[in-house]
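Engineer: Using only what follows, build the 3D model:
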Amino acid sequence: MSSSDFATSSNAETAFYAAFSGGNLEAMRQIWLDGDDTSCIHPMGDRLLGTQAILKSWETILRNTGDVIVELSDRVIHATDRFAVHTLVENIHTLEEPETVFRFVVTNIYQQTAEGWRMFLHHASPMPRDISQEKDPAPVVH
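Structural biologist: Sure thing, here's the model as predicted:
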């Protein structure tokens with residue numbers, strides 16, 4: 001079994017965040033399912049379809065991000081034999097500004113293949129701010 005043969009969806013997820021934190025595009029490439037329906041939505045971004053578009057976006061992100069530390073929390077996994085849905089929170093900060101943490105709510109979907117588990121979808125959205133402590137919170141619209 002090669003390092004890219006992820007035995008579980010959790011193995012693939014660990015590799016995904018290691019590639020992200022380490023700025024390693026080749027490692028990132030090994031995690032994604034190769035297909036036209038593979039999808040990625042970066043925070044506040046458009047939906048990217050197809051592995052080529054997704055990896056191009058990650059190339060730009062990894063080149064321009066610098067050293068980041070990604071800590072995961074609140075992970076819940078729902079899995080079958082073929083698919084696994086992971087919901088979690090990414091807590092991201094840089095080495096230059098460790099006190100500033102960017103939080104994102106995330107859905108990662110993995111698919112079981114003959115070569116192991118691969119990422120089929122990554123969708124990250126900015127975490128809503130905590131309005132419970134605000135003096136005049138904005139009204140809820142939806």
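Engineer: pLDDT below threshold where in this structure?
Structural biologist: For the chain, the stretches flagged by pLDDT under 70 are 1-4, 129-142.
Engineer: if we go to 80?
Structural biologist: 1-4, 65-67, 95, 129-142 (pLDDT under 80).
Engineer: what ranges do the helices span in it?
Structural biologist: Ranges of helices within the chain are 9-22, 25-31, 51-65, based on DSSP state H.
Engineer: how about these in a markdown table, adding distance to residue 72 and mean neighbour count?
Structural biologist: C-betas here are computed from N, CA, C, even on glycine. Formatted as a markdown table, the helices of the chain follow (distance: least, C-beta to C-beta, whole Å; neighbours: other C-beta atoms under 10 Å):
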| stretch | distance to residue 72 | mean neighbour count |
| --- | --- | --- |
| helix 9-22 | 7 | 19 |
| helix 25-31 | 15 | 17 |
| helix 51-65 | 17 | 15 |
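Engineer: possible to save those helices as CSV with distance to residue 40?
Structural biologist: Below are these laid out as CSV (distance: least, C-beta to C-beta, whole Å):
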stretch, distance to residue 40
helix 9-22, 11
helix 25-31, 11
helix 51-65, 4
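Engineer: For residue 103, which of those helices is the nearest?
Structural biologist: helix 9-22 (14.6 Å; C-beta to C-beta).
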